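1. no sequence on hand, only this structure:
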């Protein structure tokens with residue numbers, strides 16, 4: 001199918017499969033450092049005159065995208081066990097690398113394709129203790145609360161839900177029984193956790209990155225972070241995980257990460273998630289204690305939290321329709337009605353809960369403080385509590401084991417907290433992380449995460465490139481290897497542009513290739529945010545590449561791509577949309593004095609949502625409020641423009 005691409009600098013080109021993935025360099029070759037900022041000397045070193053016929057020789061940039069989940073829970077997490085999870089660490093790794101396993105519900109499951117890496121991120125709080133409690137550990141049964149919780153849990157699903165509610169409240173209020181924090185048990189579980197990860201780590205084939213989740217529910221607000229190490233177990237085991245039982249203040253988590261690096265010589269980072277359930281605290285314009293932000297604080301947050309988990313099962317966190325009313329794609333899998341502890345949410349919190357508004361606020365904070373604390377890239381992950389990283393719409397096994405496939409899960413609660421109820425159909429089958437790296441190892445993947453050369457998808461394995469520079473031209477999109485021009489002339493996703501050369505504006509080389517077994521592509525958009533001379537913040541979404549011969553209307557909007565979904569049969573046809581999109585786009589509204597950010601958003605054509613597959617399989621009639629189609633998507637990490645620096 002022909003692909004029409006907008007803007008005078010754009011190109012019409014149909015790409016074939018090999019364009020975005022080229023062979024990796026060997027481990028023995030010298031790598032060119034990726035600073036994230038264009039450097040002429042490095043570019044010349046990477047792209048010296050070819051002395052060999054092969055265009056793939058001497059490549060020294062990230063040539064492959066690796067797929068994985070950075071946020072998966074097993075039965076070692078208290079809440080996973082409460083909701084019926086029985087699968088452990090080994091099951092999680094075996095499933096992620098492509099093996100067939102039996103889910104907690106007894107159903108067999110296998111991924112359509114293996115993942116390349118996995119972070120098992122069980123909750124640090126009471127890690128592994130639920131199993132001991134249910135076994136009737138004598139020391140734990142001395143605590144009357146734990147004994148009552150065990151009896152309640154064993155009474156059935158209603159009792160298990162009550163245990164979850166009480167444990168969540170105890171964590172929030174700081175009244176969790178001390179026996180849940182037994183250091184000897186914690187050490188035993190942590191050592192086995194690390195050993196299992198090391199055992200399943202196979203450099204070059206499958207990477208098991210070590211990590212855990214820090215789970216602060218301060219005043220019922222979600223301040224959760226996934227902690228990921230670059231290191232092997234030899235270093236990681238030297239410190240126990242820092243949990244919300246130690247402190248609910250994420251700033252104390254940062255101190256613990258610094259202590260780990262100082263003690264071990266290792267490296268570690270943290271990734272926040274679910275700002276949409278944070279009561280406005282995730283991207284607040286004040287410290288945890290309510291004090292004004294300082295440059296020192298901004299530097300700490302930017303250092304330890306270079307990424308944000310923008311999409312997962314508890315909703316999509318890119319944008320909110322009330323914050324971005326002119327963006328017709330902003331209202332996607334929106335969860336906005338409550339905090340993690342069940343208090344009602346309110347619109348006044350939204351500007352401090354969603355990624356796009358946080359990126360805009362970051363521009364203003366940099367102007368005020370000298371450092372942007374919200375200069376983060378994007379990844380997607382599952383937050384599955386089943387030990388199964390399964391988020392394909394036709395292979396979705398739910399948020400927790402109580403919501404694995406069944407005829408009842410649509411109207412069963414995901415959670416009942418206080419007066420708030422979230423029903424099963426509201427779960428989002430999302431997401432995965434795409435990582436551009438030189439090889440599939442802990443070091444290479446972690447380094448890519450740190451430099452933000454990563455992106456999020458809601459599940460499909462769309463291959464996406466996003467480069468920014470000053471000198472991209474139309475011809476750069478007429479190639480089977482756009483990355484060559486991308487790295488030679490600019491910076492990749494996660495990078496920086498500074499000090500616009502006189503008379504030049506930012507140009508972007510964008511490319512996307514559909515998931516081989518997924519829906520065709522509707523469009524490639526660039527989302528821009530900027531701050532004007534008066535300090536006002538703005539945003540605009542540009543369609544830069546799209547399928548077919550559609551033309552923008554008088555309002556500048558591109559007509560919808562169409563819809564081929566047969567809901568009754570839970571299928572669709574790829575007779576609309578494009579296999580590939582590629583373009584060079586020039587910012588028509590650029591002002592060199594205004595700081596800005598840009599990120600790519602790739603939208604698929606409509607396809608069946610997981611609810612349609614459930615309806616087909618179980619012969620269900622969907623209530624009108626239940627969505628049965630979706631437009632899956634990918635979000636690249638941003639590229640920032642900063643005037644007056646360089």
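-> Perfect, I can see it now. What you see is a predicted model, and the numbers here were worked out from it, not measured in a lab.

2. from now on I want contacts and neighbour counts done on CA atoms only, so please keep to that.
-> Fine.

3. what about residue 471, distance to residue 409?
-> Distance from residue 471 to residue 409, counting by C-alpha to C-alpha, to the nearest Å: 53 Å.

4. and residue 352, by the same measure?
-> 32 Å.

5. the more surrounded of the two?
-> residue 352 (22 against 18; other C-alpha atoms under 10 Å).

6. let me see the confidence value for the more buried one.
-> pLDDT, residue 352: 98.

7. same question for the one 4 residues further on.
-> Note on residue 356: pLDDT of 98.

8. wait, it sits on residue 321?
-> No. Between residue 356 and residue 321 there is no contact under C-alpha atoms under 8 Å: 11.4 Å.

9. looking at the two, which is more packed in?
-> Neighbour count, other C-alpha under 10 Å: between residue 356 and residue 321, residue 356 has more, with 24 against 15.

10. now what about the helix or strand containing that one, what contacts it?
-> Assessed by DSSP states H and E, residue 356 sits inside helix 355-369. Counting contacts by C-alpha atoms under 8 Å, 6 or more residues apart in numbering, the residues outside helix 355-369 that touch it are 283, 294-295, 298, 308, 310, 317-319, 323, 351-352, 371-376, 529-531, 535, 537-538, 595-597.

11. do stretch 82-92 as well
-> Contacts for stretch 82-92 (C-alpha under 8 Å, 6+ apart): 74-76, 101, 103-104, 120, 153, 157, 160-161, 163-164, 193, 196, 385-389, 400-402.

12. any idea how far it is from the chain center?
-> Stretch 82-92 has its C-alpha centroid displaced from the chain centroid by 22 Å (C-alpha atoms, centre = their mean, to the nearest Å).

13. before we move on, what about stretch 576-593?
-> What separates the centre of stretch 576-593 from the centre of its chain is 23 Å, taken as C-alpha atoms, centre = their mean.

14. state the pLDDT value of the residue located most distally from the centre of the chain.
-> Computed with C-alpha atoms, centre = their mean, the residue of the chain farthest from its C-alpha average is residue 142, at 41.3 Å. With respect to pLDDT, residue 142 scores 91.

15. distance of it from residue 609?
-> 48 Å.

16. please apply the same query to residue 311.
-> 16 Å.

17. in terms of neighbours, single out the busier of these two.
-> residue 311 (31 against 25).

18. wait, the more buried one sits on residue 456?
-> Yes. Residue 311 is within contact range of residue 456, at 7.2 Å (criterion: C-alpha under 8 Å).

19. shared neighbours, these two?
-> Common neighbours of residue 311 and residue 456 (criterion: C-alpha under 8 Å, 6+ apart): 379, 380, 381, 431.

20. secondary structure element for the first one?
-> Residue 379 is part of strand 377-380 when elements are defined by DSSP H and E.

21. so what touches the following helix or strand past that strand?
-> Next along the chain after strand 377-380, taking DSSP H and E as the criterion, comes strand 413-417. Residues from elsewhere that reach strand 413-417 (C-alpha under 8 Å, 6+ apart): 161, 165, 341, 342, 399, 400, 403, 421, 422, 423, 424, 427.

22. from the centroid of this protein, which residue is nearest?
-> residue 380 (2.0 Å).

23. tell me the contacts of it?
-> Contacts of residue 380 by C-alpha under 8 Å, 6+ apart are 69-70, 309-312, 430-433, 455-458.

24. tell me the most packed of those, by neighbour count.
-> residue 431 (35 neighbours).

25. residue 520 against residue 546, yeah?
-> No. With contacts counted by C-alpha under 8 Å, residue 520 stays clear of residue 546, the gap being 10.9 Å.

26. what about stretch 118-125, start to end distance?
-> Note: stretch 118-125 ends 21 Å apart using C-alpha to C-alpha.

27. can you tell me the average pLDDT over that stretch?
-> Mean predicted confidence for stretch 118-125 is 97.

28. what's it in contact with?
-> Looking at stretch 118-125 with C-alpha under 8 Å, 6+ apart, the contacting residues turn out to be 68-74, 76-78, 89, 92-93, 96, 181, 207-215, 226-228, 241-245.

29. check stretch 180-187 too.
-> Contacts for stretch 180-187 (C-alpha under 8 Å, 6+ apart): 125, 126, 127, 128, 129, 140, 240.

30. from the residues you listed, pick the one nearest residue 257.
-> Nearest to residue 257 among the contacts of stretch 180-187: residue 240, at 11.1 Å, using C-alpha to C-alpha.

31. for that closest one, pull up the helix or strand it's in.
-> Of the helices and strands defined by DSSP H and E, none includes residue 240.

32. return the subset of the contacts of helix 355-369 lying in strands.
-> 308, 310, 529, 530, 531, 537, 538, 596, 597 (DSSP state E).

33. how's the protein carved up into domains?
-> 17-62+453-642, 66-437 (automatic domain parsing).

34. looking at this, residue 162 is in a helix?
-> Yes. Assigned with DSSP: H, G, I helix; E, B strand; the rest coil, residue 162 falls within a helix.

35. wait, what's in contact with it?
-> Taking C-alpha under 8 Å, 6+ apart as the test, what residue 162 contacts is residue 152.

36. show the model's pLDDT score for the nearest residue to residue 169 once chain neighbours are set aside.
-> Distances taken as C-alpha to C-alpha, 6 or more residues apart in numbering place residue 341 nearest to residue 169, at 7.5 Å, with adjacent residues excluded. As predicted, residue 341 sits at a pLDDT of 90.

37. check residue 372 too.
-> We have a pLDDT of 98 for residue 372.

38. and it, how many neighbours does it have?
-> 21.

39. quick check: closest non-adjacent residue to it.
-> residue 366 (4.3 Å).

40. low-confidence stretches in the chain?
-> 1-50, 172, 645-646 (pLDDT under 70).

41. list the buried residues for stretch 339-359?
-> 339-343, 345, 349-359 (16 or more other C-alpha atoms under 10 Å).
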